[in-house]
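[1] generate coordinates for the sequence data below:
(2 chains)
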Amino acid sequence: EAGVVQSPRYKIIEKKQPVAFWCNPISGHNTLYWYLQNLGQGPELLIRYENEEAVDDSQLPKDRFSAERLKGVDSTLKIQPAELGDSAVYLCASSSGLAGAEDTQYFGPGTRLTVL
Amino acid sequence: GENVEQHPSTLSVQEGDSAVIKCTYSDSASNYFPWYKQELGKRPQLIIDIRSNVGEKKDQRIAVTLNKTAKHFSLHITETQPEDSAVYFCAASIGSNYQLIWGAGTKLIIKP
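    Predicted coordinates:
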């Protein structure tokens, strides 16, 4: 069974440019998470989806970040415009959705974003 | 807000010795506590978890203990090996929401 897939793996852009990250969760997983991970720190939740509904986006900086999961499967996270402080690894994770917070979260390899 | 504190930030142990990483949490309603391992440049992966109705859980060389009264839980790795070198993250569920709060991580270094 394929794991969580993310692309691109690396992205280098100049500040003020837009950028988008894509995530394909494990087949059958209803819950999808986007995390931000700064160097030397733990993952910080940006947004959580249950199927196509964003059920927790309280930590998403909505002035520049947006996300969608239109058909309840793949998801895209966008930043427009990017700022220097957005440089980080963006992790996508998925879980079955059967046990709430007790679900095992399976992570993708992440996208390392560098903003110059 | 709710938080999880993790100590130490870096732990260096001799190969074959034991390693212990400790976490404390603030939400008394937390009832699920996973531990993830993240090797350099790779994704976090679940290694063990514990629920609040259990005080200890063991899986081969890895064990986790939970003290709900004191609101802390610990990861124990015995007979450490070079492949145990990684960053370890603890997390705790938030009682009022279906999400995890993560610790800042512990970099475990196994010295040969």
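
[2] how about the least confident helix or strand in chain B by mean pLDDT, does it get close to chain A?
    Taking mean pLDDT, DSSP states H and E as the measure, chain B has strand B:100-102 as its least confident helix or strand, at a mean of 90. Yes. Using CB under 8 Å from any CB of the partner chain, we find that strand B:100-102 touches chain A at B:100, B:102. To be clear about C-beta, it is placed using only N, CA and C from the backbone, and glycine gets the same treatment.

[3] who are the packing partners of that strand?
    The contact analysis (3 or more CB pairs under 8 Å, 6 or more residues apart in numbering or on different chains; DSSP states H and E) places strand B:100-102 against strand B:86-93.

[4] get me the contact residues on chain A for chain B.
    A:4, A:40-45, A:48, A:55-56, A:91, A:100-102, A:104-110.

[5] now the least confident helix or strand of chain B: how far from the chain's centre is it?
    11 Å (CA atoms, centre = their mean, to the nearest Å).

[6] out of the residues of chain A next to chain B, which sit inside strands?
    A:44-45, A:48, A:55-56, A:91, A:106-107 (DSSP state E).

[7] of those, buried ones?
    A:45, A:48, A:56, A:91, A:106-107 (16 or more other CB atoms under 10 Å in any protein chain shown).

[8] quick check: B:Asp107 touching B:Ala19?
    In this structure residue B:107 is Lys, not Asp. No. Using CB atoms under 8 Å, B:Lys107 makes no contact with B:Ala19, being 11.2 Å away.

[9] what about the two, which has more around it?
    Per other CB atoms under 10 Å in any protein chain shown, whichever of B:Lys107 and B:Ala19 has more neighbours is B:Ala19, with 19 against 16.

[10] can you name the residues bridging to the more buried one?
    B:Ile77 (DSSP bridges).

[11] just checking: what are the partner strands of the worst-scoring helix or strand of chain A on mean pLDDT?
    In chain A, no helix or strand scores lower on mean pLDDT, DSSP H and E than strand A:53-56, which sits at a mean of 90. Using DSSP bridges, the strands paired with strand A:53-56 are strand A:44-50 (antiparallel).
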